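Colleague: next comes the sequence, and after it the predicted model I'd like to discuss.
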Amino acid sequence: MGASGIDSLKVTAAIENGRLIFRYGSVPPCTGKIRGIACVRLSGDCTFCGLCVERCPAGALRIRSGNGTLALVFLQENCTSCGMCISACPEAALRLAEGHSGAECEIAICALEPCPVCGIGFLPQPMYRKISEKLGGDVDYVKLCISCRISENKTN
């Protein structure tokens with residue numbers, strides 16, 4: 001027997017209700033990092049707030065920008081299936097799923113809302129919709145990029 005009193009146990013894992021479940025005879029997750037078991041998938045409306053990216057200790061999620069869009073990118077080989085991204089998401093938009101996503105997978109894509117003054121895309125459209133919903137539609141000021149907000153404040 002090993003130092004822990006266990007020779008070896010086979011790791012058997014499954015995804016149930018968006019959680020990584022270890023079955024009887026398995027090694028609990030605290031014995032080491034287990035990578036690549038699950039995929040993170042979208043199960044709701046992502047607003048691209050970035051909290052999942054901030055909370056992921058393994059760097060398995062990132063936001064990529066380009067050509068007026070944002071993409072939430074999942075890197076399965078980095079994922080430890082800890083679920084911190086899922087618990088951090090205020091929209092409950094993420095879930096764990098079985099399967100393999102490949103080296104890199106875009107799990108959500110959105111366009112950027114352009115500033116009405118300078119035309120630069122800066123605000124994710126799903127975030128704009130969420131803010132508009134919360135504030136009752138009176139959100140013209142929110143549409144302004146930081147530079148244009150500063151300029152507008154100086155003139156008022």
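Modeller: It's in. Numbering: from 1, shown residues only.
Colleague: return the residues in contact with A93.
Modeller: L42, S43, G44, D45, C46, T47, A108 (Cβ atoms under 8 Å, 6 or more residues apart in numbering). Using the backbone N, CA and C atoms, a C-beta is placed for each residue, glycine as well.
Colleague: narrow those residues to just the buried residues.
Modeller: S43, C46, T47, A108 (16 or more other Cβ atoms under 10 Å).
Colleague: ok, the third one - contacts?
Modeller: The one in question is T47. Applying Cβ under 8 Å, 6+ apart to T47 gives the contacts P90, E91, A93, P124, P126, M127, K130.
Colleague: now stretch 81-98: mean pLDDT?
Modeller: Averaging pLDDT along stretch 81-98 yields 88.
Colleague: just the terminal-to-terminal distance for it.
Modeller: This stretch, stretch 81-98, spans 11 Å end to end (Cα to Cα, to the nearest Å).
Colleague: buried residues in it?
Modeller: Quick answer for stretch 81-98 (16+ other Cβ under 10 Å): 81-86, 88-89, 91, 93-96.
Colleague: which stretches of this protein form helices?
Modeller: For the chain, applying DSSP state H gives helices covering 51-55, 84-88, 125-135, 146-155.
Colleague: next, format those as a markdown table and append distance to L72.
Modeller: What follows is those, written out as a markdown table (distance: least, Cβ to Cβ, whole Å):
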| stretch | distance to L72 |
| --- | --- |
| helix 51-55 | 8 |
| helix 84-88 | 10 |
| helix 125-135 | 11 |
| helix 146-155 | 22 |
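Colleague: out of those helices, which is closest to G68?
Modeller: For G68, the closest of the helices of the chain is helix 125-135, at 10.3 Å, according to Cβ to Cβ.
Colleague: got the contact list for the residue nearest to L72 when sequence neighbours are not counted?
Modeller: With sequence-adjacent residues excluded and distances taken as Cβ to Cβ, 6 or more residues apart in numbering, L72 is closest to A108, at 4.1 Å. With contact set as Cβ under 8 Å, 6+ apart, A108 has these partners: L42, C46, F48, A71, L72, A93.
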